[in-house]
Structure formats: structure tokens, C-alpha cells
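Colleague: okay, here's the prediction I keep looking at, along with the sequence it came from:
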Amino acid sequence: MKSTERNNNFLIQGSILAFASIIVRIIGFIYRIPMTRIIGNEGMGFYESAFQIYNIALILSSYSLPIAVSKLVAARNVNKEHRNSYRVFLCSMIFAVSVGLIASLIVFFGADYFPAIINNDPDPKAGLALKVLAPTIFVFSIMGVFRGFFQGKNTMIPTAVSQIIEQIINAIVSVIACYWLIKNYSASASVAAYGAAGGTLGTLLGALSGLLFLVFVFLIYKPVLNKQLRHDKTGHRESYGDIFKVIILTISPIILSQTVYHISGVLDQSLFGHIMATKEISAFDSTFLGNTVVGQLYSPENRRVLYGVYSSKYRVLTNLPVSIASAIGAATITSIAAAKGMGDDGLIRSKVHVAIKFNMLIAIPSAVGMAVLASPILKLLFNDGSDMAANLIKLGSISIIFYSFSTVTTSMLQGINKLKIPVINAAISLLIHILLVFLLLKFTPFSTYALVIGNVVFAMVNSFLNWYSLSKYVDYKQEMMKSFVIPLISSGLMGLAAFLTYKGLYIFTERNAISVIIAIFISVLVYFGFMIYLKGIDEAELKGLPRGSKIVKLLKKIHLM
């Protein structure tokens, strides 16, 4: 009975964090819309350039701290070693302050040089956004220790609430600061760089807000913690030196895994900046860029605009469904670790099946819908009627499926303690990705399309390698019909319905917003209608959803079930 209660609590805590992740990602998506409109494609090029460098510095310094601290605190908390778990917190805080401060200083003082070295960007203000962003590494390091400590104490609420506060402040400040800086530096040749700095200011102040909330919660919790320390009767005391060693050993594989998985963005931007600087502008890029001549070399501004379209439109739109699918699967993934601890291989396989199917139920229709309605969605969100942005999304929308699959299967492999396998799989995918992107940029006129193709191939290779690894280590055989075939058929019919609905409404109303919104609403109904009709979702699965029994009754009344 106690074991069941612990597992249920584990799922509840995972669900809280998953729900918070969905809210955070939706807010993150929404505020980028006005920000992109304010600072434009070039400004987003500066913004994304700063974030690519910041993300690597964050991963190398402190990104892994919440996971590492939570594991180490939880392991001691189970045995009621409260003094040892508090020592883990103190050592982790010393580590975070030291490493976070060093990383922040390196990024701040190197901000003027990194864009030129990595992205081949000579603009003297190219590092402005990165300078504003640099202190966030230090703030995030400290915040990561607090989050990990509370998660180790088996409560996700402080982490979840702090994430939401952080993102709300980030959204408000980013938009206001972008607008104010663009307005006040409109006469500057580097106005786009100032606008990007406004966006990164929001990230810094958002992180500070999240940290202040966690400090407040910690101060409230401190009397309870002091009581736990007084009642700790365990005789074993770990030395601070041993704890530091354990922290480093725990963090290292996580850092390696995250670095391999996220470094592709920096490498893409570096390859794009250096190779495109040596090439002549192609005919279709000239049309998009305007005021350029076919045959002249791509200028730094041209490269920033093109990369800004790729990063702020294609990547943002395709990452949203991936983020939601991954967050929804988080609660299931946490239970895989619990099943592994119990040695229940059958339960592990069941959880793997549920997580993959649930992700595919979201990812496949998202990919089809994004491809079919790419141009109308871009017009609605970014007032962008260009063919380039729409074509990038149409070409790369399939990456939504592969990234959803590779992300969730990476977490599963980590859940069964195969930490090295996702690193190896990601490294192989990265090597193929780099070679392909280099060849396409160097020897074809594809420019940003080369980045999209490389993005798809990376996720596709990683997905198949993870799939093979799961079948090997969990003896898992993927069910195909309900997880892939029926969702693909339903999504295809949904895509046709979306296209016809949008075209018909637009001809009748000539209003893009109304046509898109209604087309999306109709698409959702058509997709789930066919999923139920084709028995891709059964009665038991529907009853597991909120108000599932009422949904089943309604479907039976209209003879869909």
C-alpha cells in the first residue's frame, strides 16, 4: 500500500512539473510574437546568436544542477539523513556560486569577441545582448540548487511556481524593453542589436524574480528543516570533500549529454556565418532580402536576417508542439524510473508504450497542421507573408515528429539508468548533422534550407538510434498501428480538412485570422473524430482523461464509439 502511495505521489509531482512546463512554453511562445514584430528578423538574429552562446555556457556551468542536486538530496532523504542532504545543499551552493560567477564573467568579458569568432559577425554591438544575458548564468546557478533541493525533498511546487513567475516577468520585461530600446536608438545603425538586448534583459529579470521566490519559500521552510536536522539520529556523516566529488561525478554525464544535444545550434550558426560570408547571394535569397543584387556576397546583415527567420519563426513554431508533447510525457517518464527501481520490466514496457503513443498523438497532427497552414499561421502571428519562412516550415515540419520521439526516448533511456547511450546516440547524430549541413551550405544554394534539412536529419537519426536502444535494453517492441499508422491517416484527412476549410473561408471572408482559427478548430475535431472512428483511441484510454467517462457517453450517443 505504501509503495502504491509513493508511486502515485511520484506521478502527481511529475504532473505538476509537466503542467508548469506547458504553461511556461506557451508563455514563451506568445511573447516572442510581439517581440519578433518589434525587433524584426535581424534583431532576432542578434537575439538567437546571444542565446546559442549563453545556452552552451549555462550547460557547461550549471544547467545540470537541479537534476544532480535533486538526485543526491533524495537519496539521503529516503534514509532520513537530513544533515547529509543539507550538506549536499551547502556544497552545491558553493559550487554554483563559484562556477556560475566564473562562467558569467567569461561570457560578459568575451561578449564582444564571441559573435565575431563563432558567427563571423563584425558588428561592434553584436555582443550587447550577450552582455546583458551573462549575469543570468550566475542567477540560474543559484536558482538551480534551490530547485534541485526542493525536488529532492519530493515537492515540485516551488520549482513549478518559480518557473511560471520567471516566464511571466520575462515576457513582460522583454516586450517593453525591446520597444523602449528600439524607439530610443532608432537612429543608431545597430538599432536591431539594442532591441535584442531588451529581450535578454527580460530573461535576466525573469530569472531574478524566480530566484527571489525560491529564497522566500526556503526561508519559510527553514524552521521545518532545522527541526529535521535536530531529529537526525543517523550516525553516518559525509565529509564535504566526498560530497563535492559525488556532485562532480553526478553532474559530468548530464553535462556531456546536454552539451552534445544542444551544441548543434551553435555549430549551425557558426557554419552558416562563416560559409555564407564567402558565397554570392542566390536568386531566391535576393528576392527575400530586397535591395540586394544576385552575385554580391552575403553581408553580415543579410546573414543575420536569414538566420533570424530560421531561428525565430521556423524553430519557434516547430519547437512549441515538441515542448508540449515532451512536457505531457514527463509524468509518465518519472514513473519509468520508479518501475526500474522495483525491477518491474513489464511495467517499464507499458509506460514506454503509453509515453510514445501519447507524444505521437500530439506530434503527428501538429506536423501535418503546421505544414498545411504554414503561411496563414505566419501571417497571423508575425504578419509575415514571405514564401521563405513558410517554405522552411513546410520542409521541416516533419522534425516535430522526430524531435518529439527522440526527446521522450532519451528521457526513457535515462530513466532506466542507461545514461551513456543517449550521449552516444546524440553524438553520432550530431556528426552526421554537421557533415550534411557543411556540404549543403558549401556546395548548394540552399542557405537556410540547409539548416532545416540538417535539423530534420539530426532528429531522425537520433530517433532511430534511441528506438534501437530501447528495443535492446528494455526488450521493447513498438506497437505501430495505433501509435503511428492511424494517427498518420487521421492527420492526413485532418490536413485536407484544414486546407479546404481555410481556403473556403478565406475566399468568402478575405480575413486570414478568422479563417485560420476556424480551420484549426475544425482540424482538431476532424482529427480526434477519425482517431476514435478508426479505433486509434479506445474507451479505456479516454476514460483515463479528465471527464473521460462523460466524453465516452457523448461519443456513444453520436455513434462514434
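Modeller: Sure thing, it's come through. Numbers count the residues shown, from 1 in each chain.
Colleague: flag the shaky bits of this structure, pLDDT-wise.
Modeller: 1-15, 17-18, 261, 291-292, 324-345, 539-552, 555, 558-561 (pLDDT under 70).
Colleague: so what's the residue count around the closest residue to residue 177 other than its chain neighbours?
Modeller: Closest residue to residue 177 apart from its sequence neighbours, by CB to CB, 6 or more residues apart in numbering: residue 198 at 3.3 Å. Using the backbone N, CA and C atoms, a C-beta is placed for each residue, glycine as well. Residue 198: 26 surrounding residues under other CB atoms under 10 Å.
Colleague: cool, and residue 556?
Modeller: 11.
Colleague: likewise for residue 222?
Modeller: Neighbour tally, residue 222, other CB under 10 Å: 10.
Colleague: before we move on, back to that, now do the strand or helix carrying the residue nearest to residue 177: which elements does it pack against?
Modeller: Using DSSP states H and E, residue 198 sits within helix 191-230. The helices and strands touching helix 191-230, judged by 3 or more CB pairs under 8 Å, 6 or more residues apart in numbering; DSSP states H and E, are helix 2-61, helix 82-110, helix 128-152, helix 157-184.
Colleague: can you list the ones you listed in JSON lines and add mean neighbour count?
Modeller: JSON lines is the format used below for the helices and strands packed on helix 191-230 (neighbours: other CB atoms under 10 Å):
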{"stretch": "helix 2-61", "mean neighbour count": "20"}
{"stretch": "helix 82-110", "mean neighbour count": "20"}
{"stretch": "helix 128-152", "mean neighbour count": "25"}
{"stretch": "helix 157-184", "mean neighbour count": "20"}
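Colleague: of all these, which lies closest to residue 264?
Modeller: helix 2-61 (9.8 Å; CB to CB).
Colleague: could you give the separation of that closest one from the chain centroid?
Modeller: Distance of helix 2-61 from its chain centroid, counting by CA atoms, centre = their mean, to the nearest Å, is 6 Å.
Colleague: tilt between that helix and helix 191-230?
Modeller: Here helix 2-61 points in a direction 140 degrees away from that of helix 191-230 (axes from the mean of the first three to the mean of the last three CA atoms, to 10 degrees).
Colleague: give me the angle between the helix or strand following helix 2-61 and helix 191-230.
Modeller: Where DSSP H and E defines the elements, the next helix or strand beyond helix 2-61 is helix 65-78. Between helix 65-78 and helix 191-230, the angle comes out at 10 degrees (the same axes, to 10 degrees).
Colleague: contact partners of helix 65-78?
Modeller: 82, 84-85, 88-89, 92, 95-96, 141, 144-145, 147-149, 151-154, 159, 243, 246-247, 250-251, 254 (CB atoms under 8 Å, 6 or more residues apart in numbering).
Colleague: report the buried residues of it.
Modeller: 65-77 (16 or more other CB atoms under 10 Å).
Colleague: hmm, back to that, so which of the helices and strands packed on helix 191-230 is nearest residue 353?
Modeller: Closest among the helices and strands packed on helix 191-230, using CB to CB: helix 2-61, at 16.3 Å.
Colleague: pick out the residue closest to the middle of the protein.
Modeller: Centroid-nearest residue in the chain, with CA atoms, centre = their mean: residue 323, separated by 5.2 Å.
Colleague: that residue and residue 21 touch, don't they?
Modeller: Yes - with contact defined as CB atoms under 8 Å, residue 323 and residue 21 form a contacting pair (7.3 Å).
Colleague: got the contact list for stretch 374-387?
Modeller: 33, 36-37, 288, 309, 313, 317, 370, 389-391, 393-394, 397, 502, 506, 512-513, 515-516, 519.
Colleague: quick one: it to chain centroid distance?
Modeller: With CA atoms, centre = their mean, you get 22 Å for stretch 374-387.
Colleague: returning to that earlier point: residue 408: which of the buried residues of helix 65-78 is nearest?
Modeller: Looking across those and measuring by CB to CB, the closest to residue 408 is residue 67, at 16.6 Å.
Colleague: mind listing what's buried in the helix holding residue 198?
Modeller: 191-211, 213-214, 217, 221, 225, 228.
Colleague: nearest residue to residue 149 in space, ignoring adjacent ones along the chain?
Modeller: Leaving aside its sequence neighbours, residue 149 sits nearest to residue 89 (CB to CB, 6+ apart; 5.0 Å).
Colleague: the one you found touches residue 150, doesn't it?
Modeller: No - using CB under 8 Å, residue 89 is not in contact with residue 150, being 10.1 Å away.
Colleague: among the helices and strands packed on helix 191-230, which comes closest to residue 234?
Modeller: With CB to CB, the closest approach to residue 234 among these belongs to helix 82-110: 7.6 Å.
Colleague: what distance separates the helix or strand following that closest one from the centre of its chain?
Modeller: Using DSSP H and E, the helix or strand that follows helix 82-110 towards the C-terminus is helix 114-119. Helix 114-119 sits 24 Å away from the centroid of its parent chain (CA atoms, centre = their mean).
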